[in-house]
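> pasted the sequence and its predicted model underneath.
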Amino acid sequence: MKHTPLFTMLAGAALAFTFAATPVHADNSASKDKQAVQYPNTTRVAPKLDLTSEKEQKALNEGLDAVNSGDKAKAEQILQPIVDSSKSKYAQAIALQGLANVTYNSGDVKGAIPLLKRSIDDGVMPNDTYFQLMFELAQLYAADQQYQASLDTVAKWRAEGKKETADSYGLEGMDYYRLEKYPEAIAAIQKAKSLTDKPQDSWNQILMASYAESGKGGDAAKMATDEYEKNPTDSGTLHNASAILLQQQDYAGAIKVLEQGRANGALKDEGDWVNLVKAYLLQAQNGGDAKSGSTKALQAFDDGMAKGAIKPTAANYKLAGDAAVIGDNDAKAIGYYQKGSAVASDGEVDVALGKVYFQDQKYAQARKYLTQGIGKGVQHKGQAYMVLAETDRELKDKPGAITAMMEATKDPDTAAKAKDWLRKAGVGK
């Protein structure tokens with residue numbers, strides 16, 4: 001069964017498309033400053049640059065200045081004519097690069113891709129610029145969710161440039177993850193981490209997610225816990241560790257790290273507070289001590305509410321009511337459910353409240369909330385009608401009970417039981 005990681009994945013992990021448009025000088029170089037060659041092992045022969053017009057050099061620099069200042073209209077006004085009519089392939093490529101840059105910076109990733117690709121495909125850029133832009137194209141493909149194109153471009157960049165970097169394997173790992181090729185993603189991220197002593201946080205997220213998705217939940221949980229233990233006051237690593245421990249149904253482990261976070265101030269996010277309550281509740285429902293689990297869940301809930309971390313929503317109040325029910329504390333359950341009912345847009349909390357009143361033999365109140373909940377709308381309508389039918393029967397309202405049970409026959413989940421009830425009551429065949 002496919003699992004969805006509970007921790008946050010960054011959609012643009014490892015993306016850093018931030019190339020600057022650098023001035024073009026009279027000697028046709030991007031800069032007069034001598035820099036170390038970035039791709040010394042490439043077999044690509046650097047092309048001879050064909051820009052000779054000083055007027056065009058000046059226009060290019062004005063256009064690139066507009067790019068760097070974020071003036072898209074001016075950049076396009078100056079650079080587009082160079083793309084359309086310049087006799088210099090190099091000038092055209094530089095202008096295309098500038099247009100790609102300003103298009104990307106305006107938020108149009110998809111529009112930037114063909115511009116940057118044309119700049120590269122012209123084949124006239126110096127080696128360092130050529131490979132730099134190729135890697136940035138791979139990042140753009142990833143940002144546009146063209147993950148296979150991104151992988152193909154990284155492969156070409158690595159093969160032609162004869163270079164391996166941590167960032168390139170990090171990008172590759174993210175692409176593979178998005179394509180649901182988890183073993184390949186794991187291998188790529190492990191390679192990325194081996195090439196640097198400062199791995200990006202997003203790589204660890206991808207690696208943990210890939211472990212989880214490929215059935216290696218234990219590895220994911222261990223990695224997440226190890227990352228949290230390195231920095232126990234960090235809310236992000238706390239979130240990742242607790243979420244994946246919950247996903248692996250390691251409720252004791254999730255409780256441990258979340259309680260540690262509560263003690264040291266790392267527990268800040270509402271979702272993590274709610275997960276602490278859920279962890280106690282799930283532990284109680286799966287072999288743990290019901291009363292103890294209920295008590296601890298409600299203590300965490302009340303603490304979170306008092307701190308303003310847990311918001312007074314219907315879903316949160318229902319969670320607290322459910323925790324109280326597990327501990328047989330009907331009075332508290334009713335209190336939480338009533339608060340939830342007051343702010344709920346559907347009938348789930350009302351039906352839960354009606355069931356508690358039914359168990360407490362308070363049938364008039366049970367009928368009120370069951371009817372109210374059904375009217376608001378619930379997911380399991382047949383079950384709600386069956387409890388309502390039993391409530392009406394206890395209230396000696398046989399016609400009402402029959403009507404409710406007839407409604408329960410319309411739900412496939414309860415149709416058979418409802419029909420059997422009606423048959424025994426002498427209604428129908």
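Cool, the structure landed. Numbers count the residues shown, from 1 in each chain.
> off-centre distance for stretch 103-114?
Remark: stretch 103-114 is offset 23 Å from the chain centroid, using CA atoms, centre = their mean, to the nearest Å.
> need the contact partners of it.
17, 70, 72, 100-101, 115, 137, 140-141, 143-144, 146 (CB atoms under 8 Å, 6 or more residues apart in numbering). Quick note: C-beta positions are derived from backbone N, CA and C, even for glycine.
> tell me which two of these sit farthest apart.
70 and 146 (25.8 Å; CB to CB).
> looking at those two, which is more packed in?
residue 146 (19 against 11; other CB atoms under 10 Å).
> pull out the buried residues from stretch 130-146.
Neighbour counts over stretch 130-146 (16 or more other CB atoms under 10 Å) mark 130-143, 146 as buried.
> no wait, stretch 343-362
344, 347-358, 362.
> which of those residues sits closest to residue 323?
Closest to residue 323, out of all of those and judged by CB to CB, is residue 352, at 11.8 Å.
> ok, now which ones touch residue 158?
164, 168.
> what's the helix or strand for it?
helix 147-161 (DSSP states H and E).
> could you do residue 80 as well?
Going by DSSP H and E, residue 80 is in helix 72-85.
> which SSE is immediately downstream of that helix?
Per DSSP H and E, the helix or strand that comes after helix 72-85 is helix 89-105.
> how far out from the middle of the chain is that following helix?
33 Å.
> do stretch 63-70 as well
Distance, centroid of stretch 63-70 to centroid of chain: 34 Å (CA atoms, centre = their mean).
> buried residues in that stretch, which are they?
Applying 16+ other CB under 10 Å to stretch 63-70 flags 63-68 as buried.
> what's the average pLDDT for that stretch?
Averaging pLDDT along stretch 63-70 yields 92.
> again, but for stretch 91-104
Mean predicted lDDT for stretch 91-104 stands at 94.
> same check on stretch 252-262?
For stretch 252-262, the mean confidence score works out to 95.
> can you pull out the low-pLDDT segments for the stretch 1-150 of the chain?
Applying pLDDT under 70 to the stretch 1-150 of the chain picks out residues 1-35.
> and with 50 instead?
1-20, 26-33 (pLDDT under 50).
> hey, where'd the helices end up in it?
Along the stretch 1-150 of the chain, the stretches classed as helices by DSSP state H, counting those that start in this stretch are 54-68, 72-85, 89-105, 109-121, 127-143, 147-161.
> wait, which of those helices is closest to residue 290?
helix 147-161 (46.4 Å).
> and that closest one, how far from the chain's centre?
The answer for helix 147-161 is 26 Å, by CA atoms, centre = their mean.
> so that helix versus helix 127-143, what angle?
160 degrees (axes from the mean of the first three to the mean of the last three CA atoms, to 10 degrees).
> residue 372 is in contact with residue 388, correct?
No - taking CB atoms under 8 Å as the definition, residue 388 is not a contact partner of residue 372, at 10.7 Å.
> tell me which of the two has more neighbours.
residue 388 (27 against 17).
> from residue 349, how far off is that one?
If you measure residue 388 against residue 349 using CB to CB, to the nearest Å, the figure is 16 Å.
> ok, now residue 48?
Distance from residue 48 to residue 349, by CB to CB: 75 Å.
> do residue 357 as well
On the measure of CB to CB, residue 357 and residue 349 end up 13 Å apart.
> one more: residue 359?
In terms of CB to CB, residue 359 sits 16 Å off from residue 349.
> report the contact partners of the closest residue to residue 177 other than its chain neighbours.
Take residue 177 and drop its neighbours on the chain: the residue closest to it by CB to CB, 6 or more residues apart in numbering is residue 185, 4.2 Å away. Contacts were defined as CB under 8 Å, 6+ apart; by that measure residue 185 touches 173-174, 176-177, 206-207, 210.
> which among those gets closest to residue 311?
Once CB to CB is applied, the member of the contacts of residue 185 that ends up nearest residue 311 is residue 206, at 30.5 Å.
> buried residues in the helix or strand harbouring the closest one?
Take DSSP H and E as the rule and residue 206 turns out to sit in helix 201-213. Using 16+ other CB under 10 Å as the test for burial, helix 201-213 gives 202-213.
> okay, the residues you listed in CSV with pLDDT and distance to residue 95 next?
As requested, the buried residues of helix 201-213 are exported to CSV (pLDDT from 0 to 100; distance: CB to CB, whole Å):
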residue, pLDDT, distance to residue 95
202, 89, 33
203, 92, 35
204, 87, 40
205, 86, 38
206, 92, 36
207, 92, 40
208, 89, 43
209, 88, 40
210, 92, 41
211, 91, 45
212, 87, 46
213, 89, 43
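> make JSON lines from those and add distance to residue 44 to it.
Below are these laid out as JSON lines (distance: CB to CB, whole Å):
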{"residue": "202", "distance to residue 44": "31"}
{"residue": "203", "distance to residue 44": "29"}
{"residue": "204", "distance to residue 44": "34"}
{"residue": "205", "distance to residue 44": "35"}
{"residue": "206", "distance to residue 44": "31"}
{"residue": "207", "distance to residue 44": "33"}
{"residue": "208", "distance to residue 44": "38"}
{"residue": "209", "distance to residue 44": "36"}
{"residue": "210", "distance to residue 44": "33"}
{"residue": "211", "distance to residue 44": "38"}
{"residue": "212", "distance to residue 44": "40"}
{"residue": "213", "distance to residue 44": "38"}
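> cheers, nothing more for now.
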